[in-house]
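# predicted coordinates and the sequence they were generated for:
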Amino acid sequence: MKMTHLAVTTALVLAPLAAAAQEQLSLYNWGDYINPEVLEAFTKETGIEVTLDSYGSNEEMLAKIQAGATGYDIVFPSVHMHDIMFQLGLLAKTDIGASPDFKNIDPQFVRAKTDPNAEYCLPYAWGNVGIVYNKALAGDIKSWKDFFALGAEGKKITLLDDLRETIGIGLIMNGKSVNSTDPDEVTAAADYIVEHLDGVTAFTYDSVPQVISGDVAAAHWYVGANLFVSENPDTIGYIIPEEGATMYQEDICVLESAPHKENAKKFLEFYLKPEIAALNVKQQMNGTPNVPAQKLIPEEIASNGTIYPPQDVMDKLQIFEDLGRDLQLYNSEWTRIKTAQ
Amino acid sequence: MTLARRKLLQLVGLLGAPTVFLLFFFLCPLLIMLVYSFLTPGLYGGVEWQFSHLNYGRILGWANTRYEKFDPVFLSIFLRSLRLAALTVVTSLLVSYPAAFWISRMSPGRRDFAIFLVTLPFFVSLIVRLFAWVLILRPTGVLNQGLMGIGLTSEPIEFLYSDFAVILGMTYVFIPFMFLPLYASIEKLDVAQLEASSDLGATRFQTFRKVVLPATMPGIIGGGIITFIPALGNFIVPSVLGGAKVLMIGNLIEQQFLSARNWPFGSALAMLVMTAVLVLLVVQLRLARREEAS
C-alpha cells in the first residue's frame, strides 16, 4: 500500500515534467513585440510551454541564427529579411498558406517575393514610420516639410539612427523609391537630409520621452508612438506625413533548425484566429493583416487613421526591400550625413 | 627528476594557461580580423574568400569603384576619436590625481571605503548609468533646471548631444581605470622624500615637479594607456550622449558589422585602431626603458 502511494506520487510529480519536456515552443522575437496574453492563451489551449527571447534588429537576429544559435523555433523577420533568410536556406516549409483559416489574411500582405504563396511564413503585423510631435512646441504639423521647418526655426528634432529610414525620407521628398539603387538618387537623398540638418539634435531611437518632456519638438518615430499618445493625448500626437512614409511588416517564420516544428506550425495556425490577432493588436496598437480581426479590435484603434490608414494614404507607404550589395551605397552616404555637422 | 626539468615543468605549469588563453581569445580573433580585412564582403554579412585591398583603399585613398570609394571622412573620424580619447585621458587624470592623493592620506578604514566608492559604479549596467546622464544633461534635466533655478542662466544650455557630453560621459566611465593605477603609485610615494625636498629649500611646486611627478609617472602612464585604449574604441557613450552625431571610430565599426553588413571594411577599420594602440604601447615601452636607464 505504501509502495503504491509512493509510485502514484512520483508519477504525479513527474508527469507534468515529462509533458513539459515534450511540449515546448521557443520564440525569438523583437523586444515587446507580442502581447504576453497571446502566449498564455496558446499554452492554455494546447498545453505547449512557450519561451520568449528578444532581439533588437533584423541583422542581430540573422547574425545569431547564422552563427549557429539553435533551440529557437520561430522568428519574426521583416519582409526583406524573410527573403534573405529564405535564400540562405534558414526557413522551414510550413504550408501555412494552405491552412483553411488562411482566408482571413488580406492577400496584399503576402509580400515576400521568395514566398508568394505563403508556403513558409505567415504575415504577422505591420505599421508605418512617421512623426511623433509635442503639440505645444510643434503646433499642427502635417508633413516632413513642416517637420524640417521646425528645425529651421531653431526648434529641436530627432531622426532615427537607421540608415535606410533616414535616407528614405530624402528619397520620399525627392519623389523616388525608398529602394532606389541609383547612386545619384541616393546621393541626392542624402543631400536633402544634410541640407535639412538644422535643429536635428540627435539620431536616436530614444525619442518619445524627450518629445513628452518637451526637450524635443518632434521626432521621426514608429506608429507604436500611438501607445504613448493614448497615455498623453493632450501633450503629443502622431502623424503619417503627407508626402508619404515608409512602412514595415514582420512575418512569423519557422526555422529550418527548429527543434519543435509541429508545435511551431500549431502556433502559426493559432495565430490565424481572428480573436487571437485582435488580442495582440489590443496591446500592441499596430496593424494586423487578419481581416476579420479588424472587426474585433477596440474602436479607438480601428478608427485611428495612423494605425489603419485609408487606402489613399496606404498607397503612399513604401516598404523596404533587400538591396543586396547596393546597401553599401547607403552606407557611405550615411557616414557623410552623420558627420555633416 | 632533475632540478632543471622541474623548473621547466613549473614554468610550463605557470605560463601554460595564460598563453593558451591569450592565443585563443586574443591572437586568434585578431588574426581572423586581419584576414577578413583583406576579403570581399558577403552579401548578407560574413565574407567571401576573394582578396581585396579596397577596404584599406577606402580609408587611405586609392579605392574608386561603385561600392568602394575613398572618403577622407573615415580618417577624420579616426582623428576625432584620437582627440576625444586623449581629452578623456587628460580630464580623468585631472580628476583622479588629486583624488588619489586625498584618499591615500586617509585613515585605512576610510581609505578602503573610498576605493570601494570609486569602483561602485561598476555594479550598475553602463547603459543605465548613461541614460541617467541623459536625464541630468537634457534641456529639462536636473543640471539645467538647477542652473536656471539659482539664476546663473536664463535659457537651457545644450549640454546633451555634444562633444562635451561625450567627453564627460567617457571621463565618468573611465575614471576608475585611471584612478587605480595612479593610486597604486601615489600610495607608494615616500613622505620622507617630500620632507627632504622641502628641507633642502625646494618650493612646493619644485617638489611636485622634481619629486612627486617623476615618482608617480609610471601610474600616470599606466592609467593613461589603460584609459586611452578603451576610450578610443568606445561606441556606447557617443551613441547615447553624443546622439550618434559625435561619431567615433567605434560607432563606424559597429555600423559596418551590424546595419551595413560589411565585415571586411569593419575589420579594416578595427585594424586601424589596433595599429594606433600598438604604436602607443611601443612608445610607452620606450619611455619606460628610458626611465629605467636614467
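Here it is on my side, so go on.

# below-threshold pLDDT in the chain: ranges please.
Just going to use chain A. Residues of chain A meeting the criterion pLDDT under 70: A:1-22, A:341.

# I was thinking of chain B, sorry if that wasn't clear
Chain B contains residues with pLDDT under 70 at B:1, B:294.

# mind checking how far the residue in the stretch 151-300 of chain A that chain B sits nearest to is from B:R138?
Here the stretch 151-300 of chain A gets closest to chain B at one residue, A:A202, 2.5 Å apart by CB to the nearest CB. C-beta here means a position set from N, CA and C on the backbone, and glycine is covered the same way. Between A:A202 and B:R138 the distance, using CB to CB, to the nearest Å, works out to 10 Å.

# any idea which element A:M81 lies in?
Secondary-structure element containing A:M81, defined by DSSP states H and E: helix A:79-87.

# chain center to that helix, what's the gap?
Here the centre of helix A:79-87 is set off from its chain's centre by 14 Å, with CA atoms, centre = their mean, to the nearest Å.

# give me the domain ranges for chain A.
Domains of chain A are assigned by automatic domain parsing as A:2-126+A:248-309, A:128-247+A:314-338.

# in a markdown table, list the ones you listed along with distance to B:P156 and mean neighbour count.
Below are the domains of chain A laid out as a markdown table (distance: least, CB to CB, whole Å; neighbours: other CB atoms under 10 Å in any protein chain shown):
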| stretch | distance to B:P156 | mean neighbour count |
| --- | --- | --- |
| domain A:2-126+A:248-309 | 31 | 17 |
| domain A:128-247+A:314-338 | 9 | 20 |
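
# determine which of these approaches B:S154 most closely.
Nearest of the domains of chain A to B:S154, taken as CB to CB: domain A:128-247+A:314-338 at 16.0 Å.

# show me how far that closest one is from its chain's centre.
That offset, for domain A:128-247+A:314-338, works out to 17 Å (CA atoms, centre = their mean).

# and the residue of chain B found nearest chain A, which of the three is it?
Per CB to the nearest CB, B:G243 is where chain B lies closest to chain A, at 2.5 Å. B:G243 falls in the coil class when you classify it by DSSP: H, G, I helix; E, B strand; the rest coil.

# quick one, what contacts it?
By CB atoms under 8 Å, 6 or more residues apart in numbering or on different chains, B:G243 lies in contact with A:T158, A:T201, A:A202, A:F203, A:T204, B:L160, B:Y161.

# thinking again about what came up before, mutual contacts of A:A202 and B:R138, please.
B:L160.

# so what's residue 163 up against?
If you meant another chain, say so; for now it's chain A. A:Y330, A:N331, A:E333, A:W334, B:Q255, B:S259, B:A260.

# my bad, the chain I had in mind was chain B
Applying CB under 8 Å, 6+ apart, the residues near B:D163 are B:L84, B:G242, B:V246.

# and the last one, helix, strand or coil?
In other words, B:V246. coil.

# up against chain A, what does the stretch 1-150 of chain B have?
B:41, B:43-46, B:66-69, B:71, B:73-74, B:76-77, B:131, B:134, B:138-141 (CB under 8 Å from any CB of the partner chain).

# please indicate which of these are buried?
Neighbour-count burial (16 or more other CB atoms under 10 Å in any protein chain shown) is assigned, among those, to B:41, B:44-45, B:67-68, B:71, B:73-74, B:77, B:134, B:138-139, B:141.

# I'd like the residues you listed as CSV, with secondary structure appended.
Shown next, in CSV, are these (three-state DSSP):
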residue, secondary structure
B:P41, strand
B:Y44, coil
B:G45, strand
B:Y67, coil
B:E68, coil
B:D71, coil
B:V73, helix
B:F74, helix
B:I77, helix
B:V134, helix
B:R138, coil
B:P139, coil
B:G141, coil
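
# which one of these is nearest B:C28?
The closest of these, once distances to B:C28 are taken by CB to CB, is B:G45, at 19.8 Å.

# now do the residue of chain B closest to chain A against A:I157, distance only.
Distance from B:G243 to A:I157, by CB to CB: 11 Å.

# and for the two, which residues touch both?
Residues touching both B:G243 and A:I157 (CB under 8 Å, 6+ apart) are A:T201.

# returning to that earlier point: which one is the residue of chain B closest to chain A nearest to, not counting chain neighbours?
In space, and not counting its chain neighbours, B:G243 is closest to A:A202: 2.5 Å by CB to CB, 6 or more residues apart in numbering or on different chains.

# can you list contacts of the helix or strand hosting A:L27?
For A:L27, the element it lies in under DSSP H and E is strand A:24-30. If you take CB under 8 Å, 6+ apart as the criterion, strand A:24-30 is touched by A:34, A:39, A:42, A:48-56, A:61, A:71-76, A:250, A:259-260, A:263-264, A:266-267.

# in strands, which of these appear?
Counting by DSSP state E, the part of the contacts of strand A:24-30 found in strands is A:E49, A:V50, A:T51, A:L52, A:D53, A:S54, A:Y55, A:I74, A:V75, A:E250.

# relative to chain B, which of those is nearest.
A:Y55 (11.4 Å).

# distance of the closest one relative to A:Y28?
From A:Y55 to A:Y28 the distance is 7 Å (CB to CB).

# common neighbours of these two, please.
By CB under 8 Å, 6+ apart, the residues touching both A:Y55 and A:Y28 are A:M61.
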